[in-house]
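*Asks:* sequence isn't available, so here's the structure alone:
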């Protein structure tokens, strides 16, 4: 990487990046980008740098990785777009690229629509620069900007497969704290492990931007290990509240957010990791309950099977069914069905009722979604739909001791495992626990499984409560 101009010069020149981060409100971001590129800071900038990184001095060497843990509306995406434009257009990579080879600057996010925001910022910075706009070759497509510097800025889904076999000159990872991708045990870790080798040839920078969330994952690991004065100087971690990075943000709006939900606002605008959100289940525990290579079990003669439905209207969430039976002290899952939207609720109800009847089930339990909407269609097909007495959180909280004690046998269903592992326990101010999927996640299959387990083990209320959990948290009711 050979900069044609320094970052400081580019940010000050209206012909280059002078319009990208202008004015006093962007001074913190300018300071951080200048320091990340290995350039010296002024005394005033150094004080700002110390406040957001915990380090007294800038590294004076271009960093390998820049992690910005900043509250919402703090300007993260625009700053990342500015860095992307600088690296792609104002740095010479010709000595790192083979003849005819083009370098890639991938923009990664949990979805392509999210990645598009950072992509559009890069495009906007380039197009509004009188000099850089001339470097754009042809018409940019929905996912690629081709530059005369032999660099392509591309949107790439956050998947470890999409960044292999490319020569990356830099990489931007957007909102990594919320990379919840079903089918992957540790999506953020796996993807970064694939991105870093793509940067080895060029030694281009990795920039990770995100609002903080729970105290887990690669974002929290970076903060824990590399924030402050004793960390690797080339792994630069900055952290701060939204207004530290964007002083123009209205304080009144932030105050309203704290008044509505202080626990959420601490992360959303305060830039702090949440202490009230924790993972409910450990992956190793859930996977230990899986009966490998068993996708479904047939009806057993002389055994009573039970079913639980998590219904949906067919437009957003999946509609799911789980069936199980009891073997001694264990709850065994026999069958699961998930119908993803869009679908016809009536057609799905037909299929579910046929499966229930094949297991000899004439009564199914489900949540209270839609009230009579759920009960009447099932009743017309010969299945009595009973409303669950326990709310979803209670079903999940009851699942924990049963899984930890090895009293659940699951099918080999990766979506069910991922959803169970993705559940989060949230503790309210009064100490009451609730459980739900993480933002952007799903729990429809997990909910049906939890409902069946609750139903099968409900007769063991006293033993389970006394042995594994406090009565106020785990409660088995009766149906």
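*Replies:* Perfect, I can see it now. Computed from a predicted structure; not experimentally measured.
*Asks:* elements contacting the longest helix anywhere in the chain?
*Replies:* Counting by DSSP state H, the longest helix found in the chain is helix 112-127. Applying 3 or more Cβ pairs under 8 Å, 6 or more residues apart in numbering; DSSP states H and E, we find helix 112-127 packed against helix 76-89, strand 103-109, strand 144-146, strand 151-157, strand 171-174. The C-beta positions use only the backbone N, C-alpha and C, and glycine is treated the same way.
*Asks:* got the angle between it and strand 103-109?
*Replies:* Here helix 112-127 runs at an angle of 130 degrees relative to strand 103-109 (axes from the mean of the first three to the mean of the last three Cα atoms, to 10 degrees).
*Asks:* circling back to that earlier point, what's the closest of the helices and strands packed on helix 112-127 to residue 437?
*Replies:* strand 103-109 (19.0 Å; Cβ to Cβ).
*Asks:* the closest one - what's its average pLDDT?
*Replies:* The predicted model assigns strand 103-109 a mean pLDDT of 92.
*Asks:* give me the angle between that strand and strand 151-157.
*Replies:* Here strand 103-109 runs at an angle of 30 degrees relative to strand 151-157 (the same axes, to 10 degrees).
*Asks:* what angle separates strand 103-109 from helix 76-89?
*Replies:* Using the same axes, to 10 degrees: strand 103-109 against helix 76-89 is 170 degrees.
*Asks:* could you dump the helices and strands packed on helix 112-127 to a markdown table with distance to residue 437 and mean neighbour count?
*Replies:* Below are those laid out as a markdown table (distance: least, Cβ to Cβ, whole Å; neighbours: other Cβ atoms under 10 Å):
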| stretch | distance to residue 437 | mean neighbour count |
| --- | --- | --- |
| helix 76-89 | 24 | 26 |
| strand 103-109 | 19 | 26 |
| strand 144-146 | 33 | 19 |
| strand 151-157 | 20 | 23 |
| strand 171-174 | 21 | 27 |
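*Asks:* so which of these is nearest residue 289?
*Replies:* Using Cβ to Cβ, the nearest of the helices and strands packed on helix 112-127 to residue 289 is strand 151-157, at 30.5 Å.
*Asks:* adjacent strands (with direction) for the closest one?
*Replies:* strand 103-109 (parallel), strand 144-146 (antiparallel) (DSSP bridges).
*Asks:* nearest to residue 189, out of the ones you listed?
*Replies:* strand 103-109 (13.5 Å).
*Asks:* list of residues touching that closest one?
*Replies:* Applying Cβ atoms under 8 Å, 6 or more residues apart in numbering, the external contacts of strand 103-109 come out as 84, 87-88, 93, 96-97, 115, 117-119, 122, 150-158, 162-163, 166-175, 191, 195, 198, 202, 204.
*Asks:* re the thing from before, buried residues, the longest helix of the chain. List them.
*Replies:* 112, 114-119, 121-126 (16 or more other Cβ atoms under 10 Å).
*Asks:* any idea which of those is closest to residue 390?
*Replies:* residue 114 (35.2 Å).
*Asks:* hey, what's the closest residue to that closest one other than its chain neighbours bridged with?
*Replies:* Leaving aside its chain neighbours, residue 114 sits nearest to residue 174 (6.0 Å; criterion: Cβ to Cβ, 6 or more residues apart in numbering). Beta-bridge pairing of residue 174, defined through DSSP bridges, involves residue 209.
*Asks:* tell me the pLDDT at residue 174?
*Replies:* Taking residue 174 on its own, its pLDDT is 92.
*Asks:* that one reaches residue 116, doesn't it?
*Replies:* No. Residue 174 is beyond contact range of residue 116, at 9.8 Å (criterion: Cβ atoms under 8 Å).
*Asks:* what's the overlap in contacts for the two?
*Replies:* With Cβ under 8 Å, 6+ apart, residue 174 and residue 116 have no common neighbours.
*Asks:* so in this protein, where's the weakest helix or strand by average pLDDT?
*Replies:* Using mean pLDDT, DSSP states H and E, helix 461-468 stands out as the lowest-scoring helix or strand of the chain, at a mean of 34.
*Asks:* residues in contact with the helix or strand hosting residue 238?
*Replies:* Per DSSP states H and E, residue 238 falls inside strand 235-240. The contact list for strand 235-240 (Cβ under 8 Å, 6+ apart) reads 28, 32, 35-36, 51-53, 59, 63-71, 74, 212, 222-223, 226-227, 231, 271.
*Asks:* ok so, going back, select from the helices and strands packed on helix 112-127 the stretch with the lowest mean pLDDT.
*Replies:* Among the helices and strands packed on helix 112-127, strand 151-157 has the lowest mean pLDDT, at a mean of 88.
*Asks:* residues in contact with that one?
*Replies:* 84, 88-89, 93, 102-108, 111-112, 115-116, 119, 122-123, 142-147, 162-163, 169.
*Asks:* try 7 Å this time
*Replies:* Around strand 151-157, the neighbours that count as contacts under Cβ atoms under 7 Å, 6 or more residues apart in numbering are 84, 88, 93, 102-108, 112, 115-116, 119, 122, 143-146, 162-163, 169.
*Asks:* could you dump the helices and strands packed on helix 112-127 to TSV with distance to residue 345?
*Replies:* Shown next, in TSV, are these (distance: least, Cβ to Cβ, whole Å):
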stretch	distance to residue 345
helix 76-89	38
strand 103-109	32
strand 144-146	40
strand 151-157	30
strand 171-174	35
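*Asks:* what segments of the stretch 201-350 of the chain are helices?
*Replies:* Along the stretch 201-350 of the chain, counting by DSSP state H, counting those that start in this stretch, helices occupy 217-226, 242-245, 251-260, 262-268, 283-288, 345-358.
*Asks:* so which of those gets nearest residue 433?
*Replies:* That would be helix 262-268 among those, by Cβ to Cβ, at 13.1 Å.
*Asks:* outside of that closest one, which residues touch it?
*Replies:* Contacts of helix 262-268 (Cβ under 7 Å, 6+ apart): 71, 72, 211, 212, 213, 257, 258, 272, 273, 274, 276.
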